[in-house]
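Peer 1: got a sequence here, can you model it:
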Amino acid sequence: MTPTVLGIETSCDETAAAVVDGEGRVQAGRISSQTDVHARFGGVVPELAARRHIESIEGIVAGTLAQAGLSWEQIGAIAVTQGPGLAGALLVGVSFAKGVAYARRIPLIPVNHLEAHIASAWLDRPDFPKDCVVLVVSGGHTHLYQSTHGQGYRLLGRTLDDAAGEAFDKAAKMLGLPYPGGPEIDRLARSGHAAAIRFPRATLRGHGLDFSFSGLKTSLLYYLKNLDRIGAARPMADLAASFQEAIVDVLVEQAFAAVRQSGVRALAVVGGVSANSRLRARLQ
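Peer 2: You can find the predicted model right below:
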C-alpha cells in the first residue's frame, strides 16, 4: 500500500508543505511567502530567506496536517526538496524532514527541485503524454528536457547565464518596479506595445537549444542610460512589453524547436514564469 506522504519545500523564498495520499491526490497544501522580507532589497537575500524558513516551517507543516485532518501517525513518508536551490534555505527543510523522519521512523525521500517541476506537468493532468518536451522556466531555472515514458528525462538545453525569471526580476529593478518584478512587468506590458523597442534575441552558435538572457538585460540597461542621458521620459509600458516579448520569443522558439527535433507531439511548460500571460498566449 502506498503511504500518505508529507512534502516539504524550502529551496528559495517560500516555505511550503503538502500532503499527498496513496493515490497521488493532493489533500492539503500551505505556502508562506517571504515577499515582505525581500521587497526592500529588490531580490531574495539568502540569509534572510533561511531565517524566515526557520521561523515558518513548524507552523506551515502543522497547519497542513490540520488542513488534511491527519495526525503524524497517519503520515507514512516525508519528501523534501534537496536541491538545487539556496544552500541555507534548503538546509532548513532537509534538517526538519530528517529530524521528523528519524523520530517517526518513516522513510525520507529526497526530491530534485527540477524533477519536481517536470513532474508537476502530470499533477492535474495524469493523462498528459509521458513522451513530451518539458520547458522548465522559473526564477532560477530555464531548462528544456525530453521526457520519454519509462526512460526518464534527457536534458536538451539550458540557460548559460540568467534564467528567464531572473531576467524579468532584474529588469523590473532597473525600471523601478516593485518586487517581485516578473508579475509587475507582465501587468505593465498589457498596456504597452511589444514592437515599440527592438531588444535582441540571443542565438547561440554551436549551443543548439541553450538560452542566454544576459545580453538582453545589458541591452535594457544601456537603453535606459541613453534615455536618461538625453533627458527623455521612460515609456514604461512599452519598455515592459518589448522586454517581455524578447524573452517570450526565445522561450517559444526554442521550445517548439525542441518539439520538432524530438519528434514528440506534446509540450509542457512548468515553473513560475509559466504563469506569464504573454507566454501563455503565444504558446496557445
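Peer 1: could you use CA atoms for every contact and neighbour count after this?
Peer 2: Noted.
Peer 1: mind checking the SS state of residue 194?
Peer 2: Recorded secondary structure, residue 194: coil (DSSP: H, G, I helix; E, B strand; the rest coil).
Peer 1: so it versus residue 248, what's the distance?
Peer 2: Here residue 194 is placed at a distance of 11 Å from residue 248 (Cα to Cα, to the nearest Å).
Peer 1: likewise for residue 182?
Peer 2: 12 Å.
Peer 1: the two: which is more packed in?
Peer 2: A count of neighbours by other Cα atoms under 10 Å puts residue 182 above the other of residue 182 and residue 248, at 28 against 20.
Peer 1: gap between the two ends of stretch 67-81?
Peer 2: Terminal-residue distance, stretch 67-81 (Cα to Cα): 21 Å.
Peer 1: quick one: mean pLDDT for it?
Peer 2: On average, the pLDDT along stretch 67-81 is 97.
Peer 1: can you check stretch 24-37 too?
Peer 2: Stretch 24-37 comes out at a mean pLDDT of 93.
Peer 1: how far does that stretch sit from the chain's center?
Peer 2: 14 Å (Cα atoms, centre = their mean, to the nearest Å).
Peer 1: which residues does it contact?
Peer 2: Taking contacts as Cα atoms under 8 Å, 6 or more residues apart in numbering, the residues outside stretch 24-37 that touch it are 13-21, 48-49, 52, 56, 60-61, 63-65, 67-68, 179-180.
Peer 1: ditto for stretch 66-77
Peer 2: Here stretch 66-77 has contacts from 3-6, 19, 27-29, 65, 101, 106-109, using Cα under 8 Å, 6+ apart.
Peer 1: now do 6 Å
Peer 2: Under the criterion Cα atoms under 6 Å, 6 or more residues apart in numbering, residues 3-5, 27-28, 106-107 lie in contact with stretch 66-77.
Peer 1: list the buried residues of it.
Peer 2: 68, 70, 75-77 (16 or more other Cα atoms under 10 Å).
Peer 1: report the separation between the two terminal residues of that stretch.
Peer 2: For stretch 66-77, the first-to-last residue distance is 17 Å (Cα to Cα).
Peer 1: now do the strands in the stretch 1-150 of the chain.
Peer 2: Using DSSP state E, counting those that start in this stretch, the strands of the stretch 1-150 of the chain run over 5-9, 14-20, 26-33, 77-83, 108-112, 132-137, 142-148.
Peer 1: can I get those in CSV with distance to residue 218?
Peer 2: As requested, the strands of the stretch 1-150 of the chain are exported to CSV (distance: least, Cα to Cα, whole Å):
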stretch, distance to residue 218
strand 5-9, 33
strand 14-20, 29
strand 26-33, 30
strand 77-83, 29
strand 108-112, 32
strand 132-137, 20
strand 142-148, 18
